[in-house]
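Undergrad: Next come a sequence and a model predicted from it.
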Amino acid sequence: MKNVKKITGVFILIFLLIGGFVSAQDRAINPNHLPKAAKTFLAGHFKGISVSSAIEDREIYGVDEYKVYLNNGMKMEFDSNGNWKEVDGKHQKIPYGFIPVSIKNYSSRNFPNTYIVKIEKKRWSYKAELSNGLELEFDRNGNFKKIDD
């Protein structure tokens, strides 16, 4: 019985080690190797701000997402196709050109002395963080849902 427990323990350890090597692998990439959509996004909305690093997050099935860090401290995440998922200004105002108009209008109309410092696009919603710390939630069409402070 002791041998069965030892063998089982060894197999569990082996599977855990293998799983750790096979699971998510982050690796630095050249920003030129980002998907075209991500490069276009960066060139259009963050022109003149160079990329300090780009990280490719690989899963078993392929690339899951890309993380890009700019020299001014801002960070963004893109899906495997290069579509933006999150832009974090790290307390700096982010460009509004890619943010849905209804979200821009709502935040500037209802919170005139603030600006958006972070925005996250999920499957069914958006979450925007303002410079005063409030988080606004919107549906996927950009209609206001609630304040989550």
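TA: Happy to help now that I have it.

Undergrad: Next up, the contacts around the nearest residue to Ser50 once chain neighbours are set aside.
TA: Once flanking residues are discounted, Ser50 sits nearest to Asn71: 5.0 Å by CB to CB, 6 or more residues apart in numbering. Where you see a C-beta, it was placed from the backbone N, CA and C, and this is true even at glycine. Residues counted as contacts of Asn71 (CB atoms under 8 Å, 6 or more residues apart in numbering) are Ile49, Ser50, Val51, Ser52.

Undergrad: For the buried ones among those residues, write the corresponding ChimeraX selection.
TA: The ChimeraX command for the buried members of these (criterion: 16 or more other CB atoms under 10 Å) is given here:
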select :51
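
Undergrad: Sitting in helices, which of the contacts of Asn71 do you find?
TA: Judged by DSSP state H, helices contain none of those.

Undergrad: between the contacts of Asn71, which is nearest Pro31?
TA: When the contacts of Asn71 are compared for distance to Pro31 (CB to CB), Val51 wins out at 4.2 Å.

Undergrad: Quick check: chain neighbours aside, which residue is closest to Lys85?
TA: Nearest to Lys85 is Glu77, by CB to CB, 6+ apart, at 4.5 Å.
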